[in-house]
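**Q** what's the 3D shape of this:
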Amino acid sequence: MKFAVGERGVCAYAVADGAQRWCDAETLQSPVYATVDAAGPGTVYVVDGHGGLAAFAAGDGAVRWRVGYGLRAEVDASYWAPVNGGGVVYAVAYHFAVRGGVSAHRTELIAVDAGTGALVRRLDLDVEAMVGGEPLLLSGDHVYFAALERVYAFGLVS
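**A** Here you go, the predicted model:
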């Protein structure tokens, strides 16, 4: 199966004939990026443009869990596909708010339990400049995130 995210929600299509297998337009607002965990139960992890992260069963689209990582800012979004390793889903979240005429940016690494969606860790990243689209990568026992000024390397949460 192939998966698509966008205005219609999160949808799955058969590779052989392109037929839609399932589509969920209710769980997330403006889903933007997805990653598929083909191992184990087959799960699609999706981030949205409003502080949401959800897990869908790849085969039938059943919602396994949904969690909010937003900080009630004007922008709570992720511009990066989540990654899954060692039973933990990692996502980079970007928050932007204007409070009292002062703009504040915050970027953080979010780690949630892949099976339950329970928050495992939030780590503030001291990122001054981003473009959005810098990679969030999982390789071996590390998660890597490349901002414009530096590259971060994190050991997997156990």
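
**Q** tally of neighbours for the residue nearest to residue 25 when sequence neighbours are not counted?
**A** In space, and not counting its chain neighbours, residue 25 is closest to residue 9: 3.4 Å by CB to CB, 6 or more residues apart in numbering. Quick note: C-beta positions are derived from backbone N, CA and C, even for glycine. Using other CB atoms under 10 Å, the number of residues around residue 9 comes to 20.

**Q** so residue 9 makes contact with residue 24?
**A** Yes: between residue 9 and residue 24 there is a contact under CB atoms under 8 Å: 5.0 Å.

**Q** Spit out the contact partners of residue 105.
**A** With contact taken as CB atoms under 8 Å, 6 or more residues apart in numbering, residue 105 is in contact with 94, 95, 96, 127.

**Q** Quick check: the farthest pair among these?
**A** Greatest spacing in the contacts of residue 105, by CB to CB: 96 and 127 (12.1 Å).

**Q** Neighbour count for these two, which is higher?
**A** Legend: neighbour count by other CB under 10 Å for residue 96 and residue 127, higher for residue 127 (19 against 15).

**Q** Pull up the gap between that one and residue 69, please.
**A** 16 Å (CB to CB, to the nearest Å).

**Q** for residue 27, same thing?
**A** From residue 27 to residue 69 the distance is 15 Å (CB to CB).

**Q** Over to residue 94?
**A** For residue 94 relative to residue 69 (CB to CB), the value is 10 Å.

**Q** shared neighbours of those two, which are they?
**A** Counting by CB under 8 Å, 6+ apart, the shared contacts of residue 94 and residue 69 are residue 76.

**Q** Now do the contacts for the residue nearest to residue 125 when sequence neighbours are not counted.
**A** Using CB to CB, 6+ apart and skipping the chain neighbours, the partner closest in space to residue 125 is residue 107 (4.6 Å). Taking CB under 8 Å, 6+ apart, we find residue 107 in contact with 92, 93, 94, 95, 124, 125, 127, 130, 147.

**Q** Quick one: list the elements packing against the helix or strand where the fifth one lies.
**A** When elements are defined using DSSP states H and E, residue 124 is found to belong to strand 119-125. In terms of contacts (3 or more CB pairs under 8 Å, 6 or more residues apart in numbering; DSSP states H and E), strand 119-125 is packed against strand 102-113.

**Q** and the strand it packs on, which strands flank it?
**A** strand 88-99 (antiparallel), strand 119-125 (antiparallel) (DSSP bridges).
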